[in-house]
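Chemist: below is the structure, and that's it, no one-letter string:
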């Protein structure tokens, strides 16, 4: 199974590009000149210290890196879908959560969030892993069930949907093989010759 996902920046993966476009709340720790256009709610030419703006991950992750001369430019907060309230919901029963509605790149984007310098990153990583494990049986059951409801499939995130499609394809291939009938399984010629030599040796005793 080939899943074209990368959990580090991948220029050639469309999924990776889309996931890193997701926005993060960022607080500017110092004024920034000529970048006021990044804040659609402000008419100022510059960004003032203390301003909070949602920036795409690819930009926020670069700005939060420490600079030797000027210090850290922004502090990054995690999106609300990975905060404690949502984590508790996932812990209670992840199979009832509509991940597609919550975040279409739930696992992919979450893996990037775990790479940020935030106190909850380790907890988020644990929740992501446990959520995937708990929902994996649901995805496989949907893939093996010919009467899967479309509404249930739509509740999967993009990674789960790809696993679902792979599972459906494997099921269809197995059914086709079983229906076509398999040829009779015979012993390899080498095995037959070995048995003949063994019998011949016993006859000579």
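Modeler: It's in. Here the structure is a predicted model, which is why all the values come from computation and not from measurement.
Chemist: now the strands: where do they sit in the chain?
Modeler: Counting by DSSP state E, residue ranges of the strands within the chain are 23-28, 52-56, 74-76.
Chemist: okay, now the sheet partners of the shortest one, with direction.
Modeler: Just to be clear, that refers to strand 74-76. Using DSSP bridges, strand 74-76 pairs in its sheet with strand 23-28 (antiparallel).
Chemist: mind listing what's buried along the partner strand?
Modeler: Buried positions in strand 23-28, judged by neighbour count with 16 or more other CB atoms under 10 Å: 24-26, 28. C-beta: built from backbone N, CA, C; applies to glycine.
Chemist: how about stretch 128-142?
Modeler: Residues of stretch 128-142 classed as buried: 128, 131-132, 135, 138-139, 142 (neighbour count, 16+ other CB under 10 Å).
Chemist: still on that earlier bit, distance to residue 115 and mean pLDDT added to the strands of the chain, as JSON lines?
Modeler: Formatted as JSON lines, the entries for the strands of the chain read as follows, by distance: least, CB to CB, whole Å; pLDDT from 0 to 100:
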{"stretch": "strand 23-28", "distance to residue 115": "12", "mean pLDDT": "92"}
{"stretch": "strand 52-56", "distance to residue 115": "15", "mean pLDDT": "92"}
{"stretch": "strand 74-76", "distance to residue 115": "11", "mean pLDDT": "90"}
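Chemist: what's the closest of the ones you listed to residue 99?
Modeler: Of all these, it is strand 23-28 that lies closest to residue 99, at 18.1 Å by CB to CB.
Chemist: ok, residues contacting that closest one?
Modeler: Applying CB atoms under 8 Å, 6 or more residues apart in numbering, the external contacts of strand 23-28 come out as 47-57, 60, 63-64, 73-79, 113, 116.
Chemist: please repeat the previous calculation with a cut-off of 10 Å.
Modeler: With contact meaning CB atoms under 10 Å, 6 or more residues apart in numbering, strand 23-28 is reached by 35, 38-39, 47-57, 59-61, 63-64, 73-80, 109, 112-113, 116.
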